Structures are given as structure tokens and as C-alpha cells.
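In: make a model of this:
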Amino acid sequence: MMERGTKQRAPVVWICLNKNVTGDSVMGSILFNAFSFLQKKLKAKNIPCTNARISFSDGESVDDVLKKMSIGIEDIEGVFVNGKIAPTDTLLRDGDRIAAFPPGTPGPYRLLLGIVKKNSPKENQNEG
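Out: All right, here's what the predicted structure looks like:
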């Protein structure tokens, strides 16, 4: 029981920033978000997928983080790094924001970003 007028001390928590659980040197952390069907898939496996803080080691790429999260290349159509579409071999930097979206996610962004090319009238005539 605390006496009246005494302050309770907050517990001290030590956070090791230079090593991760595997003993590798940690370069930093990223903020990861999955969208649409990919988000549902990760949630079903209890894998954090919205505003998830993920540590990475020196020299790791987006692809390395996706593998750590059990996300195969066939599970994604595109990746954003800091708001811009990027290849999965992009090297990570501390504080990067990574977003992944699966194939077939509806929305005009696919055309606007050049992920899907708009068919020309000649191509449409040949499909017939």
C-alpha cells in the first residue's frame, strides 16, 4: 500500500536497438501496411499488417521483409515505398513506410501508376 503523497515510479524498460532476436545487427525499422485481400490473408495467420513496426538488418530489401512475413511474390501486385511504387529489391532505410497490395485490388491506381497498361483501340479490335 502506498502512502499518501508519494509518487509511483514508472517501470524501466530497456530496449535493445542494435540486435534483433536472431542476433543480427539491426539497421532500423519500417512501418508496414497491407491492403485489401492481402490484409485479410495476413490477419488469418495472426501476422501484423496494419501500421506494423518491423525491424530489419543492414542490406535487407523489401523482398526480404516480405519473406519474413510469409508473403510470396505471387501474393503481391505492387509495393509502395514512402508513397511511391517501387521494385521489391529496393534496399530499406530506417523509417521507411512500406505498403503492399495484392493482385486484383480494385481501383484506378493500377492504371495511373503504370502497373496495368491501358489497351489501345487497335489491341481491343484484335481481341474479338
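In: when you work out contacts or count neighbours from here on, use the C-alpha atoms and nothing else.
Out: Will do.
In: where is the longest helix in the chain?
Out: helix 36-44 (DSSP state H).
In: tell me the buried residues in it?
Out: 37-39, 41-42 (16 or more other CA atoms under 10 Å).
In: export only the CA atoms of the helix or strand just after it, formatted as CSV.
Out: Counting by DSSP states H and E, the element after helix 36-44 in chain order, helix or strand, is strand 52-57. Provided in CSV are the C-alpha atoms of strand 52-57 (Å, rounded to 0.1, in the frame of the first residue of the first chain):
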residue,chain,number,x,y,z
ALA,A,52,3.2,-2.9,-38.1
ARG,A,53,6.7,-1.8,-36.9
ILE,A,54,9.2,-4.3,-38.4
SER,A,55,13.0,-4.4,-37.7
PHE,A,56,15.4,-5.0,-40.5
SER,A,57,19.1,-5.7,-40.8
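In: please enumerate the strands of this protein.
Out: 26-34, 52-57, 78-81, 84-86, 97-101 (DSSP state E).
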